[in-house]
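Visitor: Starting from these lines, generate the structure:
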Amino acid sequence: MSIYRRSRTALAIAAVALAALGFTTVTSSATQDSAANPPTVSKEYFGQADGKAVYRYTLSNAAGMRVRILSYGGIIQTLDVPDRHGRSANVVLGFPTLADYVAKNSPAQGGGVYFGALIGRYANRIAKGTFTLDGVTYHVPVNNNGNSLHGGTSGFNQKVWDAQETSGPDSAGLLLRLVSPDGDQGYPGTLTTTVKYTLDNQNRLTIGYQATTDKPTVLNLTNHTYWNLAGEASGNVYDQQLMINADRYTPTDSTQIPTGALAPVQGTPFDLRTPTPIGAHIADNNPQLLIGQGYDHNWVLNRTDGTSLSLAVRAVDPASGRVLTVLTTQPGVQFYSGNFLTGTLVGTGGKTYRQSYGFALETQHFPDSPNHPGFPSTVLRPGQTYDQTTVFALSAQ
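Guide: Numbers count the residues shown, from 1 in each chain. Presented below is the predicted three-dimensional model:
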């Protein structure tokens, strides 16, 4: 599967894909008049990082959904959406201030929390921070159990991105741009990346990623939002149900590097092909769960082809009725159950985050792909365009 594709109209494809899957994402009668009430985008100063001004952008729609995004790290700070009774709540984890993100979201030795951030150049892990491309061996920073995690010690989540507001007749968005110089964190090639967040009146937040390079390189981009569909800091997510559209996953060694196997989920705690409470098997005596102290693995998504948006995940909170449907063009998704939240971080609502107070769904290529020829390739070459799309569709039932 290639990581570069022809550009596409992500919102139109998302609408078709969701309709084909039988999902309705309209949650308010206000969405019936989207032409009269198109989504909006606004901007406010949020502080300074690395000597640059940081802004917070708010995307709002007629159905009561509101997303706040920072130009620092492309971070989704908050996402408010109604439940089945029309009551709105923030359903993502985050920090209240820019200083918190600068000090606590960064990947110190052992890894950071990466709340809501864009991840690059390479999402997930590269074994021992080493890979070989076209006969040349490259070394990138080691920052997690002897491996490189989420781009190294100064990844895309710590950069101030150039930002531009966008709007259309039925959507509003934010276009972010970042140029990573040749040799940044040890990666070859000057990489120019754009990420576009788009909100429509059907409560779909679409993230479109594009990138080009002037030298052969490897690339794996994702977003690291933590979800709690009952509401931020409302408690653990063990009763929330998850369906991952995957027959296989990639088991890991003791340092969370894939062994190379594409193992069947059947008969294991990783079988989430039907809606399953997150807490149903998280305490099972399973060697893979012991390694990650819970779920922190890549699922190999069931796909009909290598380019179209396909169903990846459906999450449901039975108490509130909120539903999160994830579509992606990527071949994998990392489900992380918030195992290392220890009650030491205070979130946007002023409460501490404890273990499994949120879960991440990182659509991606597989971890350590540059060292596994049998995995889908993450190589990007001059003249090619990395082009991936993920849709987070919110609804209520």
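
Visitor: List the contacts of the nearest residue to Trp161 once chain neighbours are set aside.
Guide: With CB to CB, 6 or more residues apart in numbering as the criterion, Trp161 has its nearest non-adjacent residue at 4.1 Å, and that residue is Leu176. Just so you know, the C-beta spots here come from the backbone N, C-alpha and C atoms, and that holds for glycine as well. Neighbour list for Leu176: 71, 74, 118, 161-163, 194-197 [criterion: CB atoms under 8 Å, 6 or more residues apart in numbering].

Visitor: Now list the buried members of these.
Guide: 71, 74, 118, 161, 163, 194-197 (16 or more other CB atoms under 10 Å).

Visitor: nearest to Asn147, of these?
Guide: Leu118 (20.3 Å; CB to CB).

Visitor: who are the neighbours in contact with the closest one?
Guide: Leu118 neighbours (CB under 8 Å, 6+ apart): 73-75, 156-157, 161, 176, 195, 221-224.

Visitor: backbone phi and psi for it, please?
Guide: phi -80, psi 140 (degrees, to the nearest 10).

Visitor: In TSV, list the buried ones among the contacts of Leu176 along with secondary structure, pLDDT and distance to Ser308.
Guide: Shown next, in TSV, are the buried ones among the contacts of Leu176 (DSSP: H, G, I helix; E, B strand; the rest coil; pLDDT from 0 to 100; distance: CB to CB, whole Å):
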residue	secondary structure	pLDDT	distance to Ser308
Ser71	coil	98	31
Gly74	coil	98	25
Leu118	strand	98	23
Trp161	coil	98	28
Ala163	strand	98	29
Thr194	strand	98	21
Val195	strand	98	20
Lys196	strand	98	18
Tyr197	strand	98	21
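
Visitor: Looking at the residues you listed, which one is closest to Thr342?
Guide: Checking the buried ones among the contacts of Leu176 one by one against Thr342 (CB to CB), the nearest turns out to be Leu118, at 24.4 Å.

Visitor: so Tyr357 touches Tyr238, yeah?
Guide: No: Tyr357 is not in contact with Tyr238 according to CB atoms under 8 Å; the separation is 10.3 Å.

Visitor: Name the residue in the two with the higher neighbour count.
Guide: Neighbour tally, Tyr357 and Tyr238, criterion other CB atoms under 10 Å: the higher count belongs to Tyr357, 23 against 14.

Visitor: ok, Ala283 - how many residues close by?
Guide: 11.

Visitor: Stretch 116-126 spans what distance, first to last residue?
Guide: 21 Å (CA to CA, to the nearest Å).

Visitor: Same question for stretch 126-142.
Guide: 9 Å.

Visitor: got the residue ranges for the helices in the stretch 151-300 of the chain?
Guide: 287-292 (DSSP state H, counting those that start in this stretch).

Visitor: Provide a list of residues in contact with Lys196.
Guide: 166, 173-176, 206-208.

Visitor: redo that, cut-off 10 Å
Guide: Shown in contact with Lys196 (CB atoms under 10 Å, 6 or more residues apart in numbering): 10, 164, 166, 173-177, 206-210, 389.

Visitor: right, and the pair among those with maximum separation?
Guide: For the contacts of Lys196, and using CB to CB, no pair is farther apart than Gln164 and Thr389, which are 18.8 Å apart.

Visitor: So for the two, which residue has more residues nearby?
Guide: Thr389 (27 against 14).

Visitor: pLDDT value on that one, please?
Guide: What the model reports as pLDDT for Thr389 is 98.

Visitor: Would you agree it is in contact with Thr329?
Guide: Yes: applying CB atoms under 10 Å as the test, Thr389 and Thr329 come out as touching, 5.1 Å apart.

Visitor: just to revisit the earlier point, any idea which of the contacts of Leu176 is closest to Leu98?
Guide: Ser71 (10.2 Å).

Visitor: Go ahead and confirm that closest one touches Ala49.
Guide: Yes: under the criterion of CB under 10 Å, Ser71 lies in contact with Ala49, with a separation of 9.2 Å.

Visitor: any common contacting residues for these two?
Guide: Joint contacts of Ser71 and Ala49 (CB under 10 Å, 6+ apart) are 159-160.

Visitor: which ones are touching Thr250?
Guide: So Thr250 contacts 257-263, 297-300, 332, 334, 366-369, 372, 375 (CB under 10 Å, 6+ apart).

Visitor: What subset of those is buried?
Guide: Buried, going by 16+ other CB under 10 Å: 257-258, 262-263, 297-300, 332, 334, 366-369, 372, 375, out of the contacts of Thr250.

Visitor: What is the nearest of those to Lys215?
Guide: Ser369 (18.3 Å).

Visitor: Let me know the distance separating the closest one from Asp83.
Guide: Distance of Ser369 to Asp83, computed by CB to CB, to the nearest Å: 38 Å.

Visitor: The closest residue to Pro331 other than its chain neighbours: what secondary structure?
Guide: Excluding the flanking residues, the one nearest Pro331 by CB to CB, 6+ apart is Pro376, at 4.8 Å. What DSSP: H, G, I helix; E, B strand; the rest coil gives for Pro376 is coil.

Visitor: I appreciate the help and will end here.
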